[in-house]
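> need coordinates for the below:
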Amino acid sequence: DYFKQSTTRLLFIADRLVTMTLDMYKDPKRMVEDISALGLRHVGYGIPTDLFGPFVTACVQVIRTLTDDDKAEEAFRWSLSL
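Next comes the predicted model:
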């Protein structure tokens, strides 16, 4: 019910997710503010916070198919769990 978006929009979300993950390591102070604002926006949209965990799990499962590097996977998971 919450991902009724066009494929183009979902690809944009996936791209932003990876970009924000990388930016977390480049500019952590700014990203903490950006992620906090993003979380508040999603709460404002009425997205239940109990869906955040399954979303992170799904994203990590996709990364798992792209790499065998356990450290890269853990770093990705850590950045999404903030």
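
> in the chain, where is pLDDT below threshold?
1 (pLDDT under 70).

> need the longest helix for it.
helix 7-26 (DSSP state H).

> could you give the angle of the helix or strand following that helix to helix 7-26?
Once the chain leaves helix 7-26, the next helix or strand it forms, by DSSP states H and E, is helix 28-44. Angle between the axes of helix 28-44 and helix 7-26 is 140 degrees (criterion: axes from the mean of the first three to the mean of the last three CA atoms, to 10 degrees).

> tell me the centre residue of the protein?
The chain has L17 as the residue nearest its centroid, 4.5 Å off, counting by CA atoms, centre = their mean.

> now do the contacts for it.
With contacts defined as CB atoms under 8 Å, 6 or more residues apart in numbering, L17 is in contact with C59, L80. C-betas here are computed from N, CA, C, even on glycine.

> let's see 10 Å
The contact partners of L17, by CB atoms under 10 Å, 6 or more residues apart in numbering, come to F55, V56, C59, V62, F76, S79, L80.

> okay, buried residues for the longest helix of the chain please.
L17, T21, D23, M24 (16 or more other CB atoms under 10 Å).

> report the contact partners of T57.
So T57 contacts R77, L80 (CB under 10 Å, 6+ apart).

> what strand or helix carries it?
Using DSSP H and E, T57 sits in helix 52-66.

> same check, this time on G46
Applying DSSP H and E, one finds G46 in no helix or strand.

> could you pull up phi and psi at it?
Dihedral pair for G46: phi 90, psi 20, per degrees, to the nearest 10.

> could you pull up the residues touching it?
Residues in contact with G46 (CB under 10 Å, 6+ apart) are Y2.

> for A72, same thing?
A72 touches I63, R64, L66, counting by CB under 10 Å, 6+ apart.

> out of the residues you listed, who's nearest H42?
Minimum distance to H42 across these is 20.9 Å, recorded for I63 (CB to CB).
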